[in-house]
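Peer 1: Here you go, sequence then predicted model.
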Amino acid sequence: METSLVAIDVAFLLPEDAQKRAEAVNAMLWAQGQGGFRFDQTHWPHITLLQQFVRRSRLPEIFAAVESQLGEFSPMTLTVSGIEARGETVQFVIAPHPELQRLHERLMDALAPFDEGDGPSEAFADGDEPPRPRDLEWVRNYRAQASGARYFPHITLGKGVVTEPIAPFSFTADRLALCQLGRFCTCRVILREWRLT
């Protein structure tokens, strides 16, 4: 039965070159056999701007609230400054960027009225293993523990160990999506997309 709540992520999706780099590391991590996830047509590498539980019935209002914030923003040149492990996950680190921070904060403010605080595992996408308790905890606590001054832009790549550093690289971020989350807080279902111009 479809729950009335949805676990969402408003995120930048990656252009082709950056996506291929993320997929290459993800495939290498997957080959280590520690589980995690594989990027594919329903697992999108992304840079999270916001996560929260919302009412499915309010999605049209939420789409409009996101769209209302985007007119002030142009495509951004973002730089992956390195690769690192945090806990059991590996990620590309995105260098600080004032416009990325400003967009994050604007979206957090715009979607605050829709934040339901907590939600069930059924709020995550079907067709996968159920979300881990830490996935629910992450979304539940995102506003308090990962936003504003604590915002840490990154691209999660999978579980495992990376021993080789990477050379920094840059890409243009202009494609945003509002997605339903899956296990490991992956972007699983794209509910709406926008382009910065």
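Peer 2: Right, received. Where do you want to start? Numbers count the residues shown, from 1 in each chain.

Peer 1: how much space is there between residue 4 and residue 114?
Peer 2: Shown here: residue 4 relative to residue 114, a distance of 13 Å by C-beta to C-beta, to the nearest Å. The way it works is simple: take the backbone N, C-alpha and C, and place the C-beta from them, glycine included.

Peer 1: Skipping its backbone neighbours, what lies nearest the residue most central in space within the chain in space?
Peer 2: Of all residues in the chain, the one closest to the mean position by C-alpha atoms, centre = their mean is residue 48, 3.1 Å from it. In space, and not counting its chain neighbours, residue 48 is closest to residue 11: 5.0 Å by C-beta to C-beta, 6 or more residues apart in numbering.

Peer 1: was I right about that neighbour contacting residue 176?
Peer 2: Yes. In terms of C-beta atoms under 8 Å, residue 11 counts as a neighbour of residue 176; the distance is 7.0 Å.

Peer 1: who does the host helix or strand of the residue nearest to residue 48 touch, helix- and strand-wise?
Peer 2: Assigned by DSSP states H and E, residue 11 belongs to strand 5-13. Identification of packing neighbours for strand 5-13 by 3 or more C-beta pairs under 8 Å, 6 or more residues apart in numbering; DSSP states H and E yields strand 46-55, helix 59-70, strand 175-181, strand 187-195.

Peer 1: at 6 Å instead, please
Peer 2: In terms of contacts (3 or more C-beta pairs under 6 Å, 6 or more residues apart in numbering; DSSP states H and E), strand 5-13 is packed against strand 46-55, strand 175-181.

Peer 1: Could you point out the longest helix of the chain?
Peer 2: helix 16-31 (DSSP state H).

Peer 1: what's the average pLDDT for it?
Peer 2: Across helix 16-31, pLDDT averages out at 97.

Peer 1: Show me what counts as buried in it.
Peer 2: Neighbour counts over helix 16-31 (16 or more other C-beta atoms under 10 Å) mark 18-19, 21-23, 25-26, 28-30 as buried.

Peer 1: same question, stretch 127-138
Peer 2: Buried positions in stretch 127-138, judged by neighbour count with 16+ other C-beta under 10 Å: 131, 135-136, 138.

Peer 1: thinking again about what came up before, tell me the one of the buried residues of helix 16-31 nearest residue 165?
Peer 2: Taking C-beta to C-beta as the measure, residue 25 is the one of the buried residues of helix 16-31 closest to residue 165, at 12.0 Å.

Peer 1: From residue 156, how far out is that closest one?
Peer 2: Summarising the geometry, the distance separating residue 25 from residue 156, computed by C-beta to C-beta, is 10 Å.

Peer 1: Likewise for residue 102?
Peer 2: Residue 102 sits at a distance of 23 Å from residue 156 (criterion: C-beta to C-beta).

Peer 1: next one: residue 111
Peer 2: Residue 111 sits 21 Å away from residue 156, going by C-beta to C-beta.

Peer 1: Could you do residue 125 as well?
Peer 2: Summarising the geometry, the distance separating residue 125 from residue 156, computed by C-beta to C-beta, is 16 Å.
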